[in-house]
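J.: Requesting a structural model of the entry that follows:
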Amino acid sequence: MGFFTDIVVVSPKEAKQVSRHASPTEKWPGCEAKSLDQVTFGTLYGILAGDPEADIDFEDISSSGKGAWVSRFPETFVECLTEYAPKDFLRVAKKWSKTEELRGLYEAADLRDLIQEVWHLAHQAQGEGKWLLLCTSGA
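T.: Got it, this is the predicted structure:
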């Protein structure tokens, strides 16, 4: 069945409010996906960084009694992603789709589109001095 994933751009001042919203993308700029979490985005970071052993730590921001968890994408992830050009997203998505965590869950073309959405959000966060947050909920 999986869980829901929202990726949103918020000001640091608003970050703790995100877990109170059933659908954060209705209030803040963002995108939605399913069954993507810190582990899967950590794997993406390894691909982007060219080092499968690369590790990143998400900062826990808040959680709710309804099972929503909110964490901040590390700046190293945001910086690494924004250095890429959209023409490279399909190559990255093909590698990501073949990882143990995502095999059979997503087609490479769908992941390419998601990477592009997150890339735009990462640029927006950088340009506005805001945070890129990962929100997961449900089970």
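
J.: So which residues make contact with stretch 41-55?
T.: Contacts with stretch 41-55, where a contact means C-beta atoms under 8 Å, 6 or more residues apart in numbering, come from 56, 58, 73, 76-77, 80-81, 84, 92, 95-96, 99, 101-102, 115, 134. For glycine as for every other residue, the C-beta is placed from the backbone atoms N, C-alpha and C.

J.: Just the residues you listed: which are in strands?
T.: Using DSSP state E, the subset of the contacts of stretch 41-55 located in strands is L134.

J.: Buried subset of the contacts of stretch 41-55, written for ChimeraX?
T.: Buried residues among the contacts of stretch 41-55 (16 or more other C-beta atoms under 10 Å), as a ChimeraX selection:
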select :56,58,73,77,80,81,84,92,95,96,99,102,115,134
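
J.: Closest to E32 out of the contacts of stretch 41-55?
T.: The shortest approach to E32 among the contacts of stretch 41-55 belongs to L134, at 11.8 Å (C-beta to C-beta).

J.: who's the closest one bridged to?
T.: Beta-bridge pairing for L134 (DSSP bridges): I7, S71.

J.: where does the chain dip in pLDDT?
T.: 1, 65-67, 139 (pLDDT under 70).

J.: Let's see that with 80 instead.
T.: 1-2, 63-67, 139 (pLDDT under 80).

J.: Okay, helices next: where are they in it?
T.: 38-49, 75-82, 89-97, 108-128 (DSSP state H).

J.: mind checking which of those helices is nearest G138?
T.: Of all those, it is helix 38-49 that lies closest to G138, at 15.6 Å by C-beta to C-beta.

J.: re earlier: K27: which of the helices of the chain is closest?
T.: helix 108-128 (14.3 Å).

J.: Q38 touches L134, doesn't it?
T.: Yes: using C-beta atoms under 8 Å, Q38 is in contact with L134, at 6.7 Å.

J.: what sits in contact with each of those two?
T.: Joint contacts of Q38 and L134 (C-beta under 8 Å, 6+ apart) are F58, S71.

J.: ok, now which ones touch A93?
T.: Shown in contact with A93 (C-beta under 8 Å, 6+ apart): A108, A109, D110, L111, R112, L114, I115.
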